[in-house]
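> Give me the fold of what follows.
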Amino acid sequence: MTPEQILQHQLAGRTRRHFFRDCGVGLAKTALASMMAESLFGQKRPHFAPKADRVIFLFMAGGPSHLELFDYKPELVKHDGQPTPLEILKGKRFAFMDTFSKETPKLLGTRRTFKQYGQSGQWFSDLVPHIGSIADDLTVLHGVSTENFNHGPAKLFSNTGSFRPGRPSMGSWVTYGIGSESKDLPGFVVLQSGPRGPRGGAQLWGSGFLPTSYQGVPLRSAGDPILNLSNPPGVSTAEQKQTLDVVRDLNQMTLDETGDSEVATRIAQYEMAFRMQSSGPDLINMAAESKETLAMYGAEPGKPSFANNCLLARRLVERGVRFVQLYHTDWDHHDDITKPLDAVAKEVDQPAAALIKDLKQRGLLDRTLVIWSGEFGRTPMGEVREKGKIGRNHHIDSFSLFMAGGGLKPGVAYGASDDLGFSPASEEIKLHDVQATILNQLGLDHLKLTFRSQGRDFRLTDVGGRVLKGIAG
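I've put the predicted structure just below:
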């Protein structure tokens, strides 16, 4: 059947009685559908004046070792190889407890060389010299804690505020709260690199109980940005538009009859997909980028990589995308904290620093909040799984992350861990506090950004969270 025949078939049997029954309410529902589509994808008013308009979240899946990267511990180096004091282990639980059960685990001092960078004098290791070079632009948090030491639940907690599946991701909460500036691209975009996807998969960028229009849309950095975005061979743009018009009319009939918001979402997403057929290819076409810019990132057009994704993230926020999340995997170093860590750190150091430099040069950093974090850190004790090698176990009591831009105070090291990097040494910083602060910079009160589901109001920070006033400039 042709599109016109499908529509005629659907209209058959709709009598004058149906028309007069539906015309008043139906017209109202049509107007409502238009308003709903606008509210799903348009901009919304924040709770108060925002300092940031957009977010780029660089998520290092696997748990980077802060002790090899950002949290310099001379005392840990001094006591390298000594048994870990039992008093600090008492009552603590770790992943893979059997590796610590045979004998008291020994402290492991880093083999990396640290030095201070910039006027702020922040410490970074020789694994991340490019990131160190922008120390004065960074807000580094130390002594951050989280709640679960297994990868899947910990990633969920970092991304959704809960280690239970089914909650909306941070990007979904943000686009639900303030919408998007882009009409031709999704408000929340996901980019992936590394040898595999992150544990937890699409749940990490899902919309949970929020309308599905707020879920993250995975894009590819080579080929079609979205699979099946291009027309099939032999289908012209005019034919496709004709088909989509009929599909819209059919969806509109269903919306008129049911008032289901998910149908309004479906209508808006079809229209978005049609617009992306022209905006998508231009987005990933890096021919307009200068050789100097490509070299700064270490990007190679057409070759999927974290570097390409960082450059693509800049291009996305330039086009009004509200929340861009990059996942880079392979940070889980139980067996060996040497060469494997060298390799993955090299993959992200230059591109992450280039992204922040590039945003700053283009006048975008002030209103763009960049976050670099994993789901947890690594233990100060070594973990031996194979003779002759040593790694580190998961650690949730104290780890480090950094942010840049978005109105935060730059060149600041906030919080601290103890001399061995085991526990917070000053105020406790929880991940819900970090999430509350991110929302605050976007003009959103984490206590007011709620959604009622199954009889209760939910929020990203659950029943916790506070804004970190010491960095929220």
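
> For the stretch 101-250 of the chain, which residues score under the pLDDT cut-off?
Within the stretch 101-250 of the chain, the segments meeting pLDDT under 70 span 101-102, 220-237, 239-244.

> For the residue lying closest to Ala287 once chain neighbours are set aside, which residues are in contact?
Leaving aside its sequence neighbours, Ala287 sits nearest to Pro301 (Cβ to Cβ, 6 or more residues apart in numbering; 7.4 Å). For glycine as for every other residue, the C-beta is placed from the backbone atoms N, C-alpha and C. Applying Cβ atoms under 8 Å, 6 or more residues apart in numbering, we find Pro301 in contact with Met286, Ala287, Glu289, Leu294, Asn308.

> Check the burial of the second one by counting its neighbours.
When counting by other Cβ atoms under 10 Å, one arrives at 6 neighbours for Ala287.

> for the third one, same thing?
Glu289 has 17 neighbouring residues, counting by other Cβ under 10 Å.

> can you start the count at 49 instead of 1 from here on
Understood, numbering begins at 49; the last thing we discussed is Glu337.

> measure it to Leu267 for me?
17 Å (Cβ to Cβ, to the nearest Å).

> got the residue ranges for the strands in the stretch 349-498 of the chain?
371-376, 416-421, 425-431, 439-443, 447-453, 460-462, 477-478 (DSSP state E, counting those that start in this stretch).

> The fifth one - contacts with which helices or strands?
Which is strand 447-453. Packed against strand 447-453 by the contact rule (3 or more Cβ pairs under 8 Å, 6 or more residues apart in numbering; DSSP states H and E) you find helix 114-117, strand 186-193, helix 387-409, strand 416-421, strand 425-431.

> Neighbouring strands of the fourth one in the sheet, and parallel or not?
Same thing as strand 416-421. Here strand 416-421 has these sheet partners by DSSP bridges: strand 102-108 (parallel), strand 447-453 (antiparallel).

> Alpha carbons only: can I get it in CSV?
The C-alpha trace of strand 416-421 is given here as CSV (Å, rounded to 0.1, in the frame of the first residue of the first chain):
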residue,chain,number,x,y,z
THR,A,416,30.7,25.0,29.3
LEU,A,417,31.2,22.7,32.3
VAL,A,418,33.8,19.9,31.6
ILE,A,419,34.0,17.0,33.9
TRP,A,420,36.6,14.2,34.0
SER,A,421,35.9,11.3,36.3
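
> before we move on, the earlier item: save the contacts of Pro349 as JSON lines, and put in distance to Glu151, pLDDT and secondary structure too.
Shown next, in JSON lines, are these (distance: Cβ to Cβ, whole Å; pLDDT from 0 to 100; DSSP: H, G, I helix; E, B strand; the rest coil):
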{"residue": "Met334", "distance to Glu151": "53", "pLDDT": "85", "secondary structure": "helix"}
{"residue": "Ala335", "distance to Glu151": "59", "pLDDT": "84", "secondary structure": "helix"}
{"residue": "Glu337", "distance to Glu151": "54", "pLDDT": "93", "secondary structure": "coil"}
{"residue": "Leu342", "distance to Glu151": "51", "pLDDT": "97", "secondary structure": "helix"}
{"residue": "Asn356", "distance to Glu151": "46", "pLDDT": "95", "secondary structure": "helix"}
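
> re earlier: for Arg504, find the nearest of the helices and strands packed on strand 447-453.
Distance to Arg504, taken as Cβ to Cβ, is lowest for strand 186-193 among these, at 25.7 Å.

> How far does the closest one sit from its chain's centre?
17 Å (Cα atoms, centre = their mean, to the nearest Å).

> Just the angle for the following helix or strand past it relative to strand 447-453, thanks.
Following strand 186-193 in sequence order, the next helix or strand is helix 199-208 (DSSP states H and E). Between helix 199-208 and strand 447-453, the angle comes out at 30 degrees (axes from the mean of the first three to the mean of the last three Cα atoms, to 10 degrees).

> Go through helix 199-208 and flag the buried ones.
Within helix 199-208, the residues that qualify as buried are His199, Gly200, Pro201, Ala202, Lys203, Leu204, Phe205, Ser206, Asn207, Thr208, counting by 16 or more other Cβ atoms under 10 Å.

> which residue packs closest to the residue sitting nearest the centre point of the chain, ignoring adjacent ones?
Of all residues in the chain, the one closest to the mean position by Cα atoms, centre = their mean is Gln373, 3.4 Å from it. Once flanking residues are discounted, Gln373 sits nearest to Phe105: 4.6 Å by Cβ to Cβ, 6+ apart.

> Correct me if wrong: the one you found contacts His376.
No - with contact defined as Cβ atoms under 8 Å, Phe105 does not reach His376; the gap is 11.3 Å.

> So what's the residue count around Gln409?
As a burial measure, Gln409 scores 11 neighbours (other Cβ under 10 Å).

> If you could redo that for Arg410, that was the one I meant.
Number of residues near Arg410 (other Cβ under 10 Å) recorded here: 12.

> Check Pro243 too.
7.

> Tell me the spacing between the residue lying closest to it once chain neighbours are set aside and Ser217.
Distances taken as Cβ to Cβ, 6+ apart put Asp378 closest to Pro243, at 5.6 Å, once the chain neighbours are dropped. For Asp378, the distance to Ser217 (Cβ to Cβ) stands at 22 Å.

> could you redo the strands of the stretch 349-498 of the chain as JSON lines and give each row mean pLDDT?
Shown next, in JSON lines, are the strands of the stretch 349-498 of the chain (pLDDT from 0 to 100):
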{"stretch": "strand 371-376", "mean pLDDT": "98"}
{"stretch": "strand 416-421", "mean pLDDT": "98"}
{"stretch": "strand 425-431", "mean pLDDT": "95"}
{"stretch": "strand 439-443", "mean pLDDT": "96"}
{"stretch": "strand 447-453", "mean pLDDT": "98"}
{"stretch": "strand 460-462", "mean pLDDT": "96"}
{"stretch": "strand 477-478", "mean pLDDT": "98"}
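
> more neighbours, Asp378 and Ser217?
Each of Asp378 and Ser217 has its neighbours counted (other Cβ under 10 Å); Ser217 has more, 30 against 17.

> Tell me the spacing between that one and Thr187.
22 Å.

> can you pull out the helices in the stretch 199-348 of the chain?
199-208, 218-226, 285-306, 309-332, 339-345 (DSSP state H, counting those that start in this stretch).

> Distance from the chain centre to stretch 242-249, please.
Counting by Cα atoms, centre = their mean, stretch 242-249 comes out at 13 Å from the chain centroid.
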